[in-house]
Each structure stands twice: as structure tokens, then as C-alpha cells.
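Asker: any chance you can model this:
(chains A and B)
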Number of protein chains: 2
Amino acid sequence: MSGDDRPRIVPIALIQTRCGGKKEDNVARAVDGIAEAARRGARVICLQELFATPYPCQSEDHERFHDAEPIPGPISERLADAARRLGVVVVGSLFERRAPGLYHNTAAVFDADGAMLGIYRKMHIPDDPLYYEKFYFTPGDLGFRAFATRFGTIGVCVCWDQWFPEAARLTALAGAEIVFYPTAIGWIHEEKEAYGASQWSAWETMMRSHAIANGIFVAAPNRVGVEGRLEFWGASFVSDPYGQIVARASHADEETLIVECDLGKLDVARTHWPFLRDRRIDAYAGLARRWGDVPRRGCG
Amino acid sequence: MSGDDRPRIVPIALIQTRCGGKKEDNVARAVDGIAEAARRGARVICLQELFATPYPCQSEDHERFHDAEPIPGPISERLADAARRLGVVVVGSLFERRAPGLYHNTAAVFDADGAMLGIYRKMHIPDDPLYYEKFYFTPGDLGFRAFATRFGTIGVCVCWDQWFPEAARLTALAGAEIVFYPTAIGWIHEEKEAYGASQWSAWETMMRSHAIANGIFVAAPNRVGVEGRLEFWGASFVSDPYGQIVARASHADEETLIVECDLGKLDVARTHWPFLRDRRIDAYAGLARRWGDVPRRGCG
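Answerer: Alright, predicted model coming up:
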């Protein structure tokens, strides 16, 4: 962060797409989307979670491990190449084959010269009906990170991480000015009518709260389209550091959001809502416990 | 928590009022409000922050320390008496005189037999124009707590705490099924038009996010009325564990919200949004640091 509050405008892009069955087609369309976003002025461009394939975790299917690739690998090199050619930062979400029998849900960050600044391995892994991710992905072992790109310091968390205030906080404390959340979340057909609005609202609310609590921009690209029993709900969005939605995509259409983020706002937000000033770091040890270690009674 | 998901209905009340200049009148009206809420069926009743006086922190005025009282003390005994007579749990927010020159912003919890189960001393103390709380209140030294009352295990955080996900998380991990946030927040006249809607939205959003992230009920009574340069914005509310607003009071009127909270929903919420299952307690040590201890570059 610059330490002053002069405007520092960074145009970012979130690419919200459907995914077809052919990996090569999905990757080609992602690269085209990056080029189109760059033409429209974007300087930091984030793809949705696991953009190269249909969401692989609706069942526990060993065949799906064939979708994975090492990092660096063929797809990451395509993204690095796009970043270098276009002079933009690219965030891509990949099914990483780290070693035989060791797979991660990993985001890679490429600087505007094409260099890979680093990777983030999804730390919180869900496992729920139709989202059987614990079968596929080993939880990340790199912690929460920020990447100093040519256009600003960014963090990446992935999908399920978005429900954990700890992830956003640690990423912000690492210096991230914008936290990207590549996402693949959708409605289960038979739940949508009863719970769909509430589920989507909770999802957006959590990430808006991360923006507020940390005084950061939050940007979440989500996929669209129906795959099997899931209807991915799109609604990719960018929140400013006050939790205000600056832009939001539709629930069903392919769309690229381009949003100018003024990183000069961070210092303003954080001095007007001075939460970082007042955190009780002497009293947070219990956050590293699972449950119930705080005394429940007593007249202090 | 009961460990099953059978309905366990607890009617709670939030009392949203104006405060006049006479402490005795404010206390009498609070006790009347508790009685009225109990008549209407409430079993856990929470008053707004520092209900006994006008908000004392709009200036740094040594005279205001005279408003404080020890706990136990005259006001806390009035609340204890009301709890015992009516058979209800009462949460009261008090300006605590702990020792000469040592003051806290403290909530006291009285069980339905009138016994004081304990106190919580506000951990996060704000200090902003017209909210000069650091002048008055020593930050709490009791940590985050839950109180096992006759009608459920509750937690209390106070106002500024509501912006810190850490506070809600630790209170939930201590076992709280409902977290109350006695509050005194309002608009500064000259900011209201430009920022008022955003400020109020951020405030409610943060607390809804605590409900979602922790699978708890959140209940925030806030004051109303104009005092000096502040217009307290009311809008007391209860959120269910999905972040849905179950009831919300107006911005300007005195009002008592009565809401039936089904504590049986907690286990349902937490198994359908299983965030407590997946917290990465091995990776949260950095939350007890102030800033920037996480590596910012590197290809992992």
C-alpha cells in the first residue's frame, strides 16, 4: 500500500463463463476472454474456479484426476503467455497435479511480464452433496498470501474459502488490496426454489463483509450454466471496501465485468472505519482452537 | 447445544429506545420495557448499549465519569430484580466503574433467577469523531464469553465489536447460540445524506455475516433519537443462522422486537453450511499478529 490516499486506479476484469466438455475449447475461450478484457482496458484479469473443465466434483470419479496438470504445465503456460503478450496480470484457477496421488485446487498468479509470481492452494475444502471436493483436493499447505503485481498487491482465495473470515483477514494482513475469489457455486435444482435466494444472498453477504472488515476490494468471478444437477449461479461481482457492490453480473449469461478499483480508497476506508487499528491481537489465540476453550461462566 | 435438531424455541426481545437526560427515568423505562417484553412472551431480553444515559462519548468530558457505577451496583441490581421477578434472562449494558480511574463499557447477564451469570467487558473500543470511547473505556480484559442461561447459551459483544469477525467467532466457539450486540450507533448529521445508507448497510451486513459464518442467531438492539450531533439509527434486528433478517425495527421509533429463535436450527445450519468442520486451525496463527507476517512472494 502506498500510505497515501491519492487515486490509484486499477481496472480489473472478472470472466464469467459456461464450460463445455472439451478442455482445449475452454482454455482457448479463456485466453480469448483475457485478450478481450485487456482490449477493454483491464489490467488484472481473473478467471473463475477450474475454468478449464466442467466442475469435476459432482461425483467421486477417479477419471477426473486426468483433468489435472502440473504447475507449471500446459494450461499455466498458456496463461503466462497471455499475460506476457497483453501486459496484464492473470489469475487462473487450476486442478493441480503436484505428485502422483497428490492433487490441489490451486490458483496461479502471473505478473504482466508473464512471470508466475506464485500459487495459492485452496485451504478450505468443502464436501457436500454434489461438491465432493475432499475426494479430489488435498487442503493447501501454503497458507494465505499476497502477490505484489505490477498493478497492485492482490490476494487469491478460492470458493469455499469465501465463507471463512479468517482467510480474508490473513490475506489482507499479508498486504492484499484486492482479494479475488475464483468460484464455482450453484444451486441444486431441487433446492433452488426454497433456498436459492437465501444461499446466493449468504454467499454475497459473506464476501461483502470481508471487504468491509478489512478495507479491501473483493472480486468474485463465478461460473454460469447448468452442469448435471447443478445450476451455477453466476452473479460475479466486485465489492468496494465499504461493502458496496460496484458491479454484478447476471445469473445465467456469459459476461466479463470490468471495474475500475481505486486502491487509493483503502487508506481512506481504513482510517474512517479503523478496524485494523483496534484488533485485539492479544485476545485471539482461541481462533486457532477447534471449539469451546473459552470459560463459559464466572463473574469476572 | 443439544446435539440434535429438534425445535427449541426461545422468544427473545430487543428494546430500542430514546434516552433522556435523567438516568433514573431511563432505568425506570428500561425496567418497564423488560416487564412489557416479558408479558409479550420474551424469555431473553436485551437492552441497547449504555441504556441508562444519553450516549456519553460525543466529547471528552470528565463529568461523564459520574454516570458510571460499579457492578454489582444500583442499576445492575434493578436489572437483577427484574430478571428474578419476571423469570427472564436480562442483558444490560452498563458504564462500569471498576476502580478509581478504571472504567469499562460492560454488559452484564442475569439469569432468570436474578443471579448475575457474569459480565463481558467490551474488547474493541472505537475512537472516531463524536465516538471518543478510548477516553472513557479501558479495553476489556475478560476475553469473549458465553453464558449458559436457563433459556439457552448466549454471548454478548458490544457495538464496535460487531465489526470484528474474530469477536463473533470466539463467542460462538465459546458456545453462544445467540450473540447479542447492544449498540449505540448513529449518523452524523452532515454525513447522513452522502454516506448514511452505506454506513447502515455495512453495519447490518457485518452482523449478518457473523450469523452465517458461525451458524448462530445475531440480535442487535440499537438506540434511536437525536442526541447532540448524532442521530442514532435504530434498525435493531435479529438475523437467523443463514443471515436472513427475521425482524427489523424502524430507524426512528421506540420499539420492542420480539422474535422466536429456534435454537434447534443451529445444528441444521452448521451441517448444511459446515464451516466449523473445515476451519484451518493449523493455519490461523497469523490472526494474532498485527500485520504483514505472511510471505508476499514465492512460487511455493
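Asker: distance-wise, check the residue nearest to A:Asn214 when sequence neighbours are not counted relative to A:Gln199.
Answerer: Nearest residue to A:Asn214, sequence neighbours excluded (CB to CB, 6 or more residues apart in numbering or on different chains): A:Ala172, at 3.7 Å. Bear in mind the C-beta positions are built from the backbone N, C-alpha and C, glycine included. Distance, A:Ala172 to A:Gln199, using CB to CB, to the nearest Å: 25 Å.
Asker: more neighbours: those two, which one.
Answerer: A:Ala172 (25 against 20; other CB atoms under 10 Å in any protein chain shown).
Asker: neighbouring contacts of the helix or strand hosting that one?
Answerer: Here A:Ala172 is covered by helix A:165-173, with elements defined by DSSP states H and E. By CB atoms under 8 Å, 6 or more residues apart in numbering or on different chains, the residues outside helix A:165-173 that reach it are A:123-124, A:143-146, A:155-157, A:161-162, A:179, A:207, A:209-210, A:213-216, A:218, A:287, B:165-166, B:169, B:209, B:213, B:279-280, B:283-284, B:286-287, B:289-294.
Asker: narrow these to those in strands?
Answerer: A:155-156, A:179, A:218 (DSSP state E).
Asker: let me know the closest of the residues you listed to B:Lys192.
Answerer: A:Val218 (25.9 Å; CB to CB).
Asker: who does the top helix by length along chain A touch, helix- and strand-wise?
Answerer: As assigned by DSSP state H, the longest helix anywhere in chain A is helix A:189-214. For helix A:189-214, the packing partners by 3 or more CB pairs under 8 Å, 6 or more residues apart in numbering or on different chains; DSSP states H and E come out as helix A:165-173, strand A:186-188, strand A:217-220, strand A:230-233, strand A:237-239, helix A:275-278, helix B:189-214.
Asker: distance from the chain centre to that helix, please.
Answerer: Taking CA atoms, centre = their mean, to the nearest Å, one finds helix A:189-214 lying 15 Å from the centre of the chain it belongs to.
Asker: and the helices and strands packed on helix A:189-214: which comes nearest B:Phe95?
Answerer: Of all these, helix A:275-278 comes closest under CB to CB, at 19.4 Å.
Asker: which residues touch that closest one?
Answerer: Outside helix A:275-278, the residues that reach it (CB under 8 Å, 6+ apart) are A:213-215, A:270, B:124-126, B:160, B:163-164, B:291.
Asker: tell me the buried residues within the residues you listed.
Answerer: Buried by 16 or more other CB atoms under 10 Å in any protein chain shown: A:213-215, A:270, B:124-126, B:160, B:163-164, out of the contacts of helix A:275-278.
Asker: rebuild those as JSON lines, extending it with distance to A:His189 and pLDDT.
Answerer: Converted to JSON lines, the buried ones among the contacts of helix A:275-278 look like this (distance: CB to CB, whole Å; pLDDT from 0 to 100):
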{"residue": "A:Ala213", "distance to A:His189": "34", "pLDDT": "98"}
{"residue": "A:Asn214", "distance to A:His189": "35", "pLDDT": "98"}
{"residue": "A:Gly215", "distance to A:His189": "38", "pLDDT": "98"}
{"residue": "A:Arg270", "distance to A:His189": "42", "pLDDT": "98"}
{"residue": "B:His124", "distance to A:His189": "43", "pLDDT": "98"}
{"residue": "B:Ile125", "distance to A:His189": "49", "pLDDT": "98"}
{"residue": "B:Pro126", "distance to A:His189": "46", "pLDDT": "98"}
{"residue": "B:Trp160", "distance to A:His189": "43", "pLDDT": "98"}
{"residue": "B:Trp163", "distance to A:His189": "38", "pLDDT": "98"}
{"residue": "B:Phe164", "distance to A:His189": "38", "pLDDT": "98"}
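Asker: what's the most distant pair in the residues you listed?
Answerer: A:Asn214 and B:Ile125 (19.4 Å).
Asker: hmm, back to that, redo the helices and strands packed on helix A:189-214 as a markdown table? Include distance to A:His62.
Answerer: Shown next, in a markdown table, are the helices and strands packed on helix A:189-214 (distance: least, CB to CB, whole Å):
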| stretch | distance to A:His62 |
| --- | --- |
| helix A:165-173 | 29 |
| strand A:186-188 | 23 |
| strand A:217-220 | 30 |
| strand A:230-233 | 20 |
| strand A:237-239 | 35 |
| helix A:275-278 | 45 |
| helix B:189-214 | 34 |
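Asker: now for those, which one comes closest to B:Ala52?
Answerer: helix B:189-214 (22.9 Å).
Asker: now the angle from the closest one to helix A:165-173?
Answerer: 130 degrees (axes from the mean of the first three to the mean of the last three CA atoms, to 10 degrees).
Asker: so for helix B:189-214, what gets flagged as buried?
Answerer: Result for helix B:189-214 [16+ other CB under 10 Å]: buried residues B:196, B:199-200, B:202-214.
Asker: quick one: A:Gly33 and A:Leu257 touch, right?
Answerer: No. Using CB atoms under 8 Å as the test, A:Gly33 is too far from A:Leu257 to be in contact (11.4 Å).
Asker: just to revisit the earlier point, can I have the buried ones of the contacts of helix A:165-173 as a PyMOL selection?
Answerer: To isolate the buried subset of the contacts of helix A:165-173 in PyMOL, counting by 16+ other CB under 10 Å, use the following:
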select buried, (chain A and resi 123+124+143+144+145+146+155+156+157+161+162+179+207+209+210+213+214+215+216+218+287) or (chain B and resi 165+166+169+209+213+279+280+283+284+286+287+294)
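Asker: gap between A:Trp187 and chain B?
Answerer: 14 Å (CB to the nearest CB, to the nearest Å).
Asker: contacts only, for that residue.
Answerer: Counting by CB under 8 Å, 6+ apart, the residues that A:Trp187 touches are A:196, A:199-200, A:230-231, A:233.
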